[in-house]
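> model this:
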Amino acid sequence: EAVQLQQRYPNADEEAHWLEVSYNPVFGDQGEIEGVCLVSINIDERKNAEEAIQKSEADLRAIFDSSHLGILLVGRNGKIRDFNQNAKEGFWETLGLKLEIGRPLSDYVQAEQAMASQEMLKKVLKGETIQIERTVPCRDGRERWFEFSYNPVFDRPGKVSGACVTIISIDDRKRAEETVRASEERFRRIFEDASMAMAMVNDFKFIKVNRAFQDLLGYTEAEIRGKTLFELTHPEDLARTDDIARKIHSQEKDRFQTEKRYLRKNGEALWANVSGSLIRDKMGRKLYSLIMIENITERKQAQEALRGSEADLRAVFNSGSQVTVLIRRDGKVQGFNKSAETMAAPILGKKLEKDMVFAGILPRGSSLEMFQQAFEAALQGRETKGEWAILSADGQERWVELKYQPVFNDQGGVDGVCFSLVFIDERKKTEEALRESQERFERLVQVTREGVLIHENPRVVDANPALASMLGYGVEEMIGKSGFDFL
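Numbers count the residues shown, from 1 in each chain. This next block holds a predicted model:
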């Protein structure tokens with residue numbers, strides 16, 4: 001009987017070497033065993049190669065078992081040859097099935113999927129690669145998404161010896177895709193249904209516009225798509241548009257906001273407040289620019305009208321003889337008209353300037369306390385007015401009518417006080433003359449011997465002593481009676 005052994009033997013240098021030793025009987029002519037033939041061969045290289053292979057297989061098994069994929073190896077006969085730990089755990093947790101080597105793969109496939117699975121396996125055994133995504137009903141009653149990949153396994157001669165089936169759960173990816181789809185659908189609906197005009201622009205050209213944008217400029221989407229920004233821009237705004245567009249295109253800027261004019265299809269110009277943002281993908285790469293356009297033509301027209309109105313108001317403000325000074329809440333001069341500027345020197349003896357403290361430039365004879373009361377009342381929304389005698393810079397007495405009026409803002413708050421002054425010297429002289437005339441008349445009525453009766457429709461309001469004596473009444477008795485009572 002021949003015996004073969006593999007064993008490590010130390011040599012003279014005490015280094016161990018692998019030897020394969022064969023013991024073979026030596027037969028004589030008559031068939032009897034005459035001795036033993038011993039043959040030894042150094043098999044260090046072979047043993048090293050085997051150890052490397054074993055190590056490689058161990059490494060591959062470790063990789064095989066640690067993969068996040070579920071992996072099954074299936075032979076040409078359709079039976080499972082091997083599977084990794086992830087596949088074992090996955091089939092048990094999701095389907096409640098225990099994987100076993102040697103069982104047909106079809107035992108683990110749903111009945112309605114059995115035919116399709118066999119067809120895929122046939123294609124793979126012909127060298128094709130197949131990848132599908134589908135839902136699988138799990139033991140907990142839920143439907144879960146999985147990705148199945150069928151890949152051919154080749155032997156050393158290059159023939160297909162079986163199939164490698166990899167399985168991975170793609171629930172998270174599907175949820176993410178659904179979230180993205182829902183987000184895209186929301187954006188599409190917002191974009192399409194928005195009342196504000198919106199457009200997507202890339203390389204200076206419109207690639208998509210919403211209905212509001214079409215209505216704003218009078219074009220259909222087909223007519224606008226492919227046009228450049230510059231084709232729809234008013235000629236006077238081309239330079240500014242070009243500057244902004246090139247900064248966005250070069251990614252020097254990510255956002256912008258400006259006011260410009262667009263040209264409608266019928267040639268009309270309209271003013272728009274335009275804001276835009278550069279849209280990027282997850283990797284930060286530029287996709288397109290999203291611009292939003294608000295029609296502000298009416299606002300611009302109103303501003304233009306207001307400018308004209310302000311000019312008219314300024315003309316009125318400066319052309320009147322009334323002195324007008326605007327005072328801020330802090331008591332300092334904000335502005336004044338031409339009359340105030342002209343009258344400042346003769347009345348105050350100094351030039352009127354902005355930011356002067358108004359209480360510090362009151363003319364002589366004015367009451368600081370009265371000013372403070374009137375100013376505070378105006379800040380609280382009440383008007384104060386009155387007549388006062390003041391002294392001009394040269395010491396002359398001048399009569400003035402003063403008003404302190406609140407200046408309201410758009411929200412109804414008080415921003416300041418409008419002080420106005422009108423010289424009433426002539427009126428005061430007239431009033432004095434009338435008063436003197438009235439006194440002379442009254443003295444004359446009292447001393448004349450003729451009876452005098454003064455009445456108002458027809459009640460007696462006054463009578464002189466002469467008339468009262470003639471009629472036998474006292475003056476006080478006659479007042480209030482009808483004049484006809486004395487006829």
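> in stretch 219-230, what's buried?
Of all the residues in stretch 219-230, those buried under the rule 16 or more other CB atoms under 10 Å are 219, 224, 229. Bear in mind the C-beta positions are built from the backbone N, C-alpha and C, glycine included.
> wait, stretch 349-356
Result for stretch 349-356 [16+ other CB under 10 Å]: buried residues 352, 356.
> quick one on the thing from earlier: and which of the buried residues of stretch 219-230 is nearest E112?
Closest approach to E112 among the buried residues of stretch 219-230 (CB to CB): I224, at 50.0 Å.
> confirm for me that that closest one is in contact with G218.
No - counting by CB atoms under 8 Å, I224 does not reach G218; the two are 9.9 Å apart.
> any idea how far E341 lies from L352?
Using CB to CB, to the nearest Å, we find E341 at a distance of 6 Å from L352.
> A176 now?
72 Å.
> go on, A87?
Distance from A87 to L352, counting by CB to CB: 95 Å.
> just K159 next, same as before
108 Å.
> likewise V422?
As judged by CB to CB, V422 and L352 stand 17 Å apart.
> also V452?
V452 is 54 Å from L352, where distance means CB to CB.
> again with F423
Distance check for F423 against L352: by CB to CB, it reads 16 Å.
> next: C418.
15 Å.
> next, V460: phi, psi?
phi -80, psi 130 (degrees, to the nearest 10).
> what is the burial count for it?
21 (other CB atoms under 10 Å).
> element containing the nearest residue to S367 once chain neighbours are set aside, please.
Closest residue to S367 apart from its sequence neighbours, by CB to CB, 6 or more residues apart in numbering: W388 at 7.9 Å. In the assignment (DSSP states H and E), W388 maps to strand 384-391.
> just K122 next, same as before
Going by DSSP H and E, K122 is part of helix 111-125.
> tell me the pLDDT of R103.
pLDDT, R103: 90.
> you'd agree it is up against R81?
No - look at R103 against R81 with CB under 8 Å: they stay out of range, at 10.6 Å.
> and those two? which has more neighbours close in?
R81 (17 against 14).
> can you pull the contacts of the more buried one?
73-75, 101, 162 (CB atoms under 8 Å, 6 or more residues apart in numbering).
> the residue nearest to S367 and F206, how far apart?
For W388 relative to F206 (CB to CB), the value is 69 Å.
> more neighbours: which of those two?
Neighbours were counted for W388 and for F206 using other CB under 10 Å; F206 has more, 22 against 16.
> centre of the chain to whichever helix or strand the more buried one is part of, how far?
Following DSSP H and E, one finds F206 within strand 205-209. Here strand 205-209 is found 21 Å from its chain centre; the criterion is CA atoms, centre = their mean, to the nearest Å.
> now stretch 226-236
Distance, centroid of stretch 226-236 to centroid of chain: 26 Å (CA atoms, centre = their mean).
> now the end-to-end length of that stretch.
End-to-end distance for stretch 226-236, by CA to CA, to the nearest Å: 22 Å.
> can you list the neighbours in contact with that stretch?
Under CB under 8 Å, 6+ apart, the answer for stretch 226-236 is 201, 204-206, 217, 224, 238, 241-242, 245, 260-263, 269.
> among those, name the buried ones.
201, 204-206, 217, 224, 241, 245, 260-263.
> just for the protein, where's the confidence low?
The model of the chain has pLDDT under 70 over residues 12-14, 47-67, 302-303, 305-321, 437-438, 441-442, 444-445.
> tell me the two of the contacts of stretch 226-236 that are most distant?
Using CB to CB, these span at most 21.5 Å, a distance reached by K205 and A269.
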